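Chemist: below are the sequence and a predicted model; questions follow.
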Amino acid sequence: MVGSAAGDEGVVDTETFIARVNLITHATVRSAVDRLQNDHRNIDADNAFRALYHVAKRHDVKLRHLAAAVVETEPRSGIRSVDEPELPFQPGRRAGLPSRTDVMADLLAEAVELTSANAAAVHLRHALHGGLCIERDSGLGEGFRRQFSYVDDAGSAAGRSSARCEVVRIDDVSVSPIYTRADVAVLADEGIRAQLAVPMCDETGFNWGAVDVLFAVRHPRIDPFGVDMLHGHADACAQWLRWYDLTVMPKLVTAVHRAAQATGLVDVASA
């Protein structure tokens, strides 16, 4: 994971360290731009990026998710229903295309309320690279967001929860064998003393990531019923994400290609 890159003997300099998620995003977007240029011969790299960026912004989806969907050569299939799954933690959703940002924000708020945690984060699996990216967080500082921006192994509570598809509880992060010294130092600086990570599995058994709740005290009192509720919410969100990727994302990919094609035609006409 990211802490290992710096070794166990020191802490990553958060002033100069580039979060791995930024590198992953850049690589994914670069691949999507290349794909658009291959599919639309009359478009340059700048216009291909603009087509991608504007669709992502218009529909409130992260650029790396849309870029990954553009890169995928084979469309996903196998969804059983075109109906949007109901989310128990988000009643009365607004009309129009659903927003991943809103869903993640509501899941985070519910996680904090159910566990009385000081902070929380949703880590989602990257469609192309396989590791976990911080999708959304609440109450966390820049140090945590950089150190754990992208985790590609079980070297964190969220990573282990996702890899094993089980709830992972760490009552004292300072003595947990999961973390390197660099990780422990960052967690200490952030005031994080304990963690609970809950996996997000859809109805097919696929794991989408984990909900990570963090505490400012060691051995926090956590209501078991609240953990069960959060586990149910996490799985419901995973089912929703599967539905979104199978029904909404293809429409957004089509919109990107239309925008790229239109840009290419304008460029040809201008020439």
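Modeler: Everything's here; your move. Residues are numbered from 1 along each chain as shown.

Chemist: now do the helices in the stretch 1-150 of the chain.
Modeler: If DSSP state H, counting those that start in this stretch is used as the criterion, the helices of the stretch 1-150 of the chain fall at 2-5, 20-39, 45-58, 63-71, 100-115, 142-147.

Chemist: please name whichever of these is nearest to H219.
Modeler: Closest to H219 of the helices of the stretch 1-150 of the chain, according to C-beta to C-beta: helix 100-115, at 13.7 Å. For glycine as for every other residue, the C-beta is placed from the backbone atoms N, C-alpha and C.

Chemist: for that closest one, the averaged confidence score.
Modeler: Helix 100-115 shows a mean pLDDT of 93.

Chemist: my read: L230 touches A109, true?
Modeler: No. At 11.6 Å, L230 does not count as touching A109 under the criterion of C-beta atoms under 8 Å.

Chemist: neighbour-wise, which of the two wins?
Modeler: Neighbour count, other C-beta atoms under 10 Å: between L230 and A109, L230 has more, with 27 against 14.

Chemist: ok, the more buried one - contacts?
Modeler: Contact analysis of L230 by C-beta atoms under 8 Å, 6 or more residues apart in numbering lists E110, A111, L114, T115, V198, V211, V213.

Chemist: helices or strands up against the helix or strand encompassing V184?
Modeler: Using DSSP states H and E, V184 maps to helix 181-189. Helix 181-189 is packed against helix 2-5, helix 142-147, with contacts defined by 3 or more C-beta pairs under 8 Å, 6 or more residues apart in numbering; DSSP states H and E.

Chemist: next secondary structure after it?
Modeler: Following helix 181-189 in sequence, per DSSP H and E, is strand 194-201.

Chemist: tell me the strands beside the next helix or strand after that following strand, with direction?
Modeler: Following strand 194-201 in sequence order, the next helix or strand is strand 207-215 (DSSP H and E). Strand pairing for strand 207-215, determined by DSSP bridges: strand 119-125 (antiparallel), strand 194-201 (antiparallel).

Chemist: so which bits of the helix or strand following strand 207-215 are buried?
Modeler: Under the assignment DSSP H and E, the closest C-terminal helix or strand after strand 207-215 is helix 224-243. For helix 224-243, a neighbour-count test (16 or more other C-beta atoms under 10 Å) marks 226-227, 229-231, 233-243 as buried.

Chemist: residue ranges with poor pLDDT in this structure?
Modeler: Filtered on pLDDT under 70, the chain yields the residue ranges 1-18, 73-82, 91-98, 264-271.

Chemist: since that was my last question, I'll sign off now.
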